[in-house]
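> Return a 3D structure for these sequence lines:
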Amino acid sequence: MEIDVLTLFPGMFDGFLSTSIMKIAREKDLVTYRLADIRDCTTDRHRTVDDRPFGGGPGMVMMPDPIFEAVERTEKLSQTPATRVLLTPQGERFTQETARELAGCPRLLLVCGRYEGFDERIRLGLSPREISIGDYVLTGGELPAMVVIDAVVRLLPGVLGTEDSLEEESFADGMLEYPHYTRPREFRGMKVPDVLLSGNHEEIRRWRLAQSKERTNRRRRNE
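Got it, this is the predicted structure:
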């Protein structure tokens, strides 16, 4: 998979892409990351990327010119067609199913917004898929982009050591994951459930399923 990120702050991604699963995926040649500074696609000496909104109102709006130029210039770096993704609070809510869909794309181009948002012509002209990681507002699209990258990359075949871990994670089957325990058997009066020590795999499976259902009902009841 190829992942391109358009941002005003490419340095924010350095540590994230150089550690843990993101680093392992790159070292295995399972993913290629490319970062592009949107300001490099400006034409004035101040490298301007935003301006006041027509009609008045607070804040600044990201201009279409640098975004279009950055997208078109970046897409030429590879012959692989890119799925354009705009990180915005107005987008569809990001879920595990969304992550699975994006993991099936050969190339993602993530555009990180800032300020009050994007000039509407960016949506109309680029026709991106718009994604939000939740109903709240962040300073910019960089953190959402990292969330999307993390959720997608770990789904790529060969990235994780075992595919079984993917099948049993929260949301893999629409439910939250069951409780986990490890050594010691007792800690500060809290004991590991006897069923997990029984060696009866069918009983353990049923217990885990029941726990998963109960936890999902309790914590996601109103969603």
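> measure the residue at minimal distance from the centre of the chain to C41 for me?
Note on the chain: the residue nearest the mean C-alpha position is V148, at 0.9 Å, using C-alpha atoms, centre = their mean. Applying C-beta to C-beta, to the nearest Å, the value for V148 to C41 is 22 Å. Quick note: C-beta positions are derived from backbone N, CA and C, even for glycine.
> R220 versus the residue nearest to the centre of the chain, what's the distance?
22 Å.
> so where is the protein shaky, pLDDT-wise?
By pLDDT under 70, the weakly predicted segments of the chain are 162-172, 222-223.
> So in it, which helix runs the longest?
helix 201-219 (DSSP state H).
> Render the CA-only coordinates of the longest strand belonging to the chain in CSV, please.
Longest among the strand segments of the chain by residue count, using DSSP state E, is strand 83-93. Provided in CSV are the C-alpha atoms of strand 83-93 (Å, rounded to 0.1, in the frame of the first residue of the first chain):
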residue,chain,number,x,y,z
THR,A,83,-8.2,7.2,-3.1
ARG,A,84,-8.6,10.8,-1.9
VAL,A,85,-9.5,11.3,1.7
LEU,A,86,-10.4,14.6,3.4
LEU,A,87,-10.0,14.6,7.2
THR,A,88,-12.8,16.9,8.4
PRO,A,89,-15.4,17.0,11.3
GLN,A,90,-18.1,17.0,8.6
GLY,A,91,-17.1,13.6,7.2
GLU,A,92,-18.6,10.2,7.7
ARG,A,93,-17.7,8.7,11.1
